[in-house]
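Chemist: attaching a predicted model along with its sequence, questions to come.
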Amino acid sequence: MSEDRRVLVIDDDQSVLRLIKTHLGAAGYRVDTASDGETGLQMVEEFRPRLVILDLLLPGIDGFVVCRRIRENPHLTDTSILMMTAVYLSQEDMMQGLRIGADDYLLKPDVILSKPVHLKDLKDAVDAVFQNRTTPQIQDQARDRILVVDDDEKNLRLMKMRFASEGFEVDTAVTGQIALEKLEKFPAHLLLMDIKMPAMSGLDVLKKLRERGDDTPVVMMTAHGSESIAVEAFGFGADDYLIKPFDSSMAVHRVSQLIEKFRLKKSRDQLTERLKKISCDLVNQVNHLEIQNQRLEEAYAKVRGLSDFNRRFIKSLSQELRAPLAMILSFLSLFRDTPPEKRDPESEKESISIIYKTAFRLEINLANLLYISRIQADALNVISGAMELEPVLEDTLELARKSLGREDTLISWYPERKVHRISGDTTIFKDVLINLLDNCIQRMEGPGEISVEILEALNGNADGGTGVWLRIRDNGSWFSEGDLTPSSVQELNPETMKEGTEAIRLNLCRHLARLMHWEMETGNRPVGGGEIFLRMPPYAG
């Protein structure tokens, strides 16, 4: 494989990394991946890829910093950058970000794609880079383009010189027909047009533009004494007018403001459409979850010999599932019923985050229900294998921070250089840990902290057996008496589990730990809060 076909993908979303690596690998590219900015920069230095596919939002240092460091490195001048972003919705939005970001165009990716990325668009962009074809360059579009239309050629030259000196890209047309033809081939950011022209007046050009759905901002120019005609132009869709002779500095200022206003409106419209699509997708997901929940209830109702506890347990858990579903549907109904002009994108982003976290907890409850049903039916077979504790622990804690954490809750851990190989089931371990962390969060009434530590030896908490201890501490409220009482899932019933679902959940975690030949202990700390210990045996294979 030629080194020139090497691609590095930097993204913290593992599913995106796998998708891009598989797709580009099948197309003959050699693809390496990194899940954070620091690792990505190290791999760029080491492997010198021809192309870096870079996500904007990364843990640690973000995509802006990574891009700037690559551009500033004299040894990486041949490295192209393709940036993926779910924040900026178009290349014009990216240009806006560069202008307000104080990077002075040091940050110049070669290609920008919006997330979610379509695989065909991605491959086309990658192919273009490797074949040295022209790609959508930000630097080629960094200037706003103005089309000036006037039958006075002297006036055209003067305005072109004046606006070009202010950094605009200026094109001219001496007739309305020429202006319409140019706009069809090369759209402009603004049209500056005289009203009185032979053959086709400025008003005629304006009418034709609006009839074909072109919403390009239009500023009309008219001589002193014909202001009434300029006012009439507003009825046909003009955005502003200038009275000749006009001060060029004032004209530049008004044109700049109008372009910026139009760009912001366009970005807001795109964001609104995107939020509508997200809302529809979430409605479909919620409907799917409701169908799954209904099927689970029907399946359990048909189980022969279903005990009284099982019926009450399913009813209780179903009620817990309905509450988050109702909240999700309430938020989505608000999205659907709020007119676009009254929407607040920032507020909707916050609401979507709440919906995501609620749906995540809903998924946890469904998984717990399935675990209990399989355990009671003696149908859960656990085959423990080798598991590298630290990488799995780090991935699970990051998932918990994104999906369970609150802004006032800190989840921290203190990794060692050593990687412990233990015996266990990775999926069950992640589910147990997510449940235990969520239990810690649920017992916090305000700002809190959860610490996770790996201990190779712990005096006074074990019978001297070998293995690794995982300790989880929090500063929330104490465990209740029911939380601290061990019980197998088969022995659970409403009389012994009066403390409710948290006690059931902790005992489910104890049972899952036993199935992997682990030990789980819970206790209250004298200084406040609780602590949980998991002893995991080393892998002996």
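Modeler: The structure has been received and is ready for your questions. Residues are numbered from 1 along each chain as shown.

Chemist: need the contact partners of stretch 223-237.
Modeler: The contact list for stretch 223-237 (CB atoms under 8 Å, 6 or more residues apart in numbering) reads 195-196, 202-203, 206-207, 209-210, 218, 220, 222, 238, 241, 243-244. Glycine gets a C-beta too; all of them are placed from N, C-alpha and C.

Chemist: wait, Val219 touches Met193, no?
Modeler: Yes. Counting by CB atoms under 8 Å, Val219 touches Met193, with 7.3 Å between them.

Chemist: ok, and what's touching stretch 525-532?
Modeler: For stretch 525-532, using CB under 8 Å, 6+ apart, the contacting residues are 436, 440, 443, 471-479, 483, 520-524.

Chemist: start to end distance for it?
Modeler: 10 Å (CA to CA, to the nearest Å).

Chemist: what residues of that stretch count as buried?
Modeler: Within stretch 525-532, the residues that qualify as buried are Gly529, Gly530, Glu531, Ile532, counting by 16 or more other CB atoms under 10 Å.

Chemist: just the buried ones out of the contacts of stretch 223-237, please.
Modeler: Ile195, Gly202, Leu203, Leu206, Leu209, Val218, Met220, Thr222, Ala238, Tyr241.

Chemist: now, among those, which is nearest to Arg401?
Modeler: Arg401 lies nearest to Val218 out of the buried ones among the contacts of stretch 223-237, by CB to CB, at 49.6 Å.

Chemist: identify the spatial nearest neighbour of that closest one, chain neighbours not counted.
Modeler: Computed as CB to CB, 6 or more residues apart in numbering, the closest residue to Val218 that is not its neighbour in sequence is Leu191, at 4.7 Å.

Chemist: tabulate the CA atom coordinates of the helix or strand containing that neighbour in CSV.
Modeler: In this assignment (DSSP states H and E), Leu191 forms part of strand 190-194. Written as CSV, here are the backbone C-alpha positions of strand 190-194 (Å, rounded to 0.1, in the frame of the first residue of the first chain):
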residue,chain,number,x,y,z
LEU,A,190,-25.7,40.9,-2.5
LEU,A,191,-27.0,42.7,-5.6
LEU,A,192,-26.4,46.5,-5.8
MET,A,193,-28.6,47.7,-8.7
ASP,A,194,-29.6,51.0,-10.3
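
Chemist: from Leu206, how far off is the residue nearest to Val218?
Modeler: 8 Å (CB to CB, to the nearest Å).

Chemist: what's the most distant pair in the contacts of stretch 223-237?
Modeler: Distance extremes for these: the farthest pair is Arg210 and Lys244 at 23.6 Å, using CB to CB.

Chemist: still on that earlier bit, just the contacts of stretch 223-237: which are in strands?
Modeler: Using DSSP state E, the members of the contacts of stretch 223-237 that fall in strands are Val218, Met220, Thr222, Tyr241, Ile243, Lys244.

Chemist: shared neighbours, Leu191 and Leu206?
Modeler: Val218.

Chemist: how about the one helix or strand Ser228 maps to: buried residues?
Modeler: Assigned by DSSP H and E, Ser228 falls within helix 227-235. Residues Ile229, Ala230, Ala233 are the ones in helix 227-235 that count as buried (16+ other CB under 10 Å).

Chemist: can you give me the strands in the stretch 1-150 of the chain?
Modeler: 6-10, 30-34, 51-55, 80-85, 111-114, 145-149 (DSSP state E, counting those that start in this stretch).

Chemist: of the buried ones among the contacts of stretch 223-237, closest to Asp408?
Modeler: Val218 (50.6 Å).

Chemist: and that closest one, what does it touch?
Modeler: Leu190, Leu191, Met193, Leu206, Leu209, Gly237, Ala238, Asp239.

Chemist: for those residues, give me a markdown table that also has pLDDT and distance to Pro447.
Modeler: Shown next, in a markdown table, are the contacts of Val218 (pLDDT from 0 to 100; distance: CB to CB, whole Å):
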| residue | pLDDT | distance to Pro447 |
| --- | --- | --- |
| Leu190 | 94 | 50 |
| Leu191 | 93 | 55 |
| Met193 | 92 | 59 |
| Leu206 | 91 | 59 |
| Leu209 | 91 | 57 |
| Gly237 | 89 | 54 |
| Ala238 | 90 | 55 |
| Asp239 | 90 | 50 |
